[in-house]
Structure formats: structure tokens, C-alpha cells
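Novice: got a sequence here, can you build the structure:
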Amino acid sequence: MKNISKDTLTLCPEFKSSDWQQINKGSNIDYRALIFDDNQEIRRLLWTVFDMRGYEVFTFPHPGLCPLNHVENCPCPRDEACSDVIITDIEMPTLNGLDFIAQQVEKGCKCKNIALMSGNITDDVFVRAQLLNLQVFQKPFTIEQLTEWLDRIEKDIAPQRKLTDWHLKGK
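Specialist: Numbers count the residues shown, from 1 in each chain. Prediction:
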């Protein structure tokens, strides 16, 4: 867990002064997050939030750049996942975020905590997201909404669980 100060938050002017205490509220488990958004500022903000909570964070401007998009089946060993959290925007170049997640689920993705974010969530998108058991964040959403979700899901992440590194090979 990294220690942060109020000065760190000046990198992200959207933060309120009270947000830094909520973000710092992680645990001693090393978590991993994959973030997909074509907006660099959103990727940077989410990277900061996750990093401050002690996550190893990988960001991508769209799913086409992620190794997960280039495999036919989930290559993670039976009892391992490549990430604890995946969060993706819907509208991105090359591949819609919801379609990307649906493909990953179909391939056997073992990540249990997946969130979808968008400024334009239609009823159809919401129904598809519910069927895939996804957390949905309507943009703009607050840091508090994100950290409340992280607090809930982190309680269910087993400290002894293993994360695979197959997608990091060759980097």
C-alpha cells in the first residue's frame, strides 16, 4: 500500500480534499487491475486511484492493444486469473468495451470483478451488462462510487489467490 498525501491529488484536480483518505483505504494484498479507456485523462485518473490503493495497474487506450484480445481461449491456469479487476469504457476505437468483455467471458475469463463505464448507457447496454454480472458506472461518476465498489470487492479477494503473468511475457 502506498502512502499518499493531499499534494499527490493536485495531479487530478477532480479530487476533493476528503477523497485522499478514502483512496488510501486499501489492504496489504497486492491487487492487479486492467483499465481500458480511449481518454488518456480518464486512464491517468483511474491509474492514480488504483495505484494509490496498492494495485499493479495496466492501462490500454482500447482492447485491441491488450494481449487478452489476441487469444482464442483464456490461457490462465485453472485456479488463476490475470487480473483482480477489469474496468472498461464502452465506446472505444477498434472494439466496443462491452463486446470485449462479452468475448472475454465467452473465452473463459476468470476475473470476477469487471466494471463497465460510459456516459451513454442505454437500456440495452444495461441489460447486457447485468446478464454478464458487470458493475456499471455512469459517467461522470465520483471517486467515492469507485472506491466504495473497490472496498466491497476487495473483501472477497482471497489473499492466497494466484494471478498469472502469461499476458506480461514478452514485454
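Novice: for E41, pull up the helix or strand it's in.
Specialist: Assigned by DSSP states H and E, E41 belongs to helix 40-52.
Novice: for I114, same thing?
Specialist: Take DSSP H and E as the rule and I114 turns out to sit in strand 113-118.
Novice: packing partners of the next helix or strand after that strand?
Specialist: The element immediately downstream of strand 113-118 (helix or strand, assigned by DSSP H and E) is helix 123-131. For helix 123-131, the packing partners by 3 or more C-beta pairs under 8 Å, 6 or more residues apart in numbering; DSSP states H and E come out as helix 97-107, strand 113-118, strand 135-138. Bear in mind the C-beta positions are built from the backbone N, C-alpha and C, glycine included.
Novice: using a markdown table, please lay out the ones you listed together with mean pLDDT and distance to D151.
Specialist: Output for the helices and strands packed on helix 123-131, formatted as a markdown table (pLDDT from 0 to 100; distance: least, C-beta to C-beta, whole Å):
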| stretch | mean pLDDT | distance to D151 |
| --- | --- | --- |
| helix 97-107 | 91 | 22 |
| strand 113-118 | 96 | 12 |
| strand 135-138 | 96 | 13 |
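Novice: compare these and give me the one nearest Q145.
Specialist: strand 135-138 (6.5 Å; C-beta to C-beta).
Novice: how about the closest one, which residues are buried there?
Specialist: Applying a neighbour-count criterion of 16 or more other C-beta atoms under 10 Å, the buried positions in strand 135-138 are Q135, V136, F137.
Novice: what about the spatially closest residue to the first one that is not a sequence neighbour, neighbour count?
Specialist: Meaning Q135. In this structure, Q135 finds its nearest non-sequential neighbour in A115, 3.9 Å apart by C-beta to C-beta, 6 or more residues apart in numbering. Using other C-beta atoms under 10 Å, A115 has 22 neighbouring residues.
Novice: can you name the residues bridging to A115?
Specialist: Beta bridges link A115 to I87, Q135, judged by DSSP bridges.
Novice: got a list of what it touches?
Specialist: Contacts for A115 (C-beta atoms under 8 Å, 6 or more residues apart in numbering) come out as V85, I86, I87, T88, L134, Q135, V136, F137, W149.
Novice: mind running it again at 7 Å?
Specialist: Contacts here follow C-beta atoms under 7 Å, 6 or more residues apart in numbering; on that basis A115 touches I87, L134, Q135, F137, W149.
Novice: please apply the same query to D84.
Specialist: Neighbours of D84 in contact, by C-beta under 7 Å, 6+ apart: Y31, R32, A33, N113, I157.
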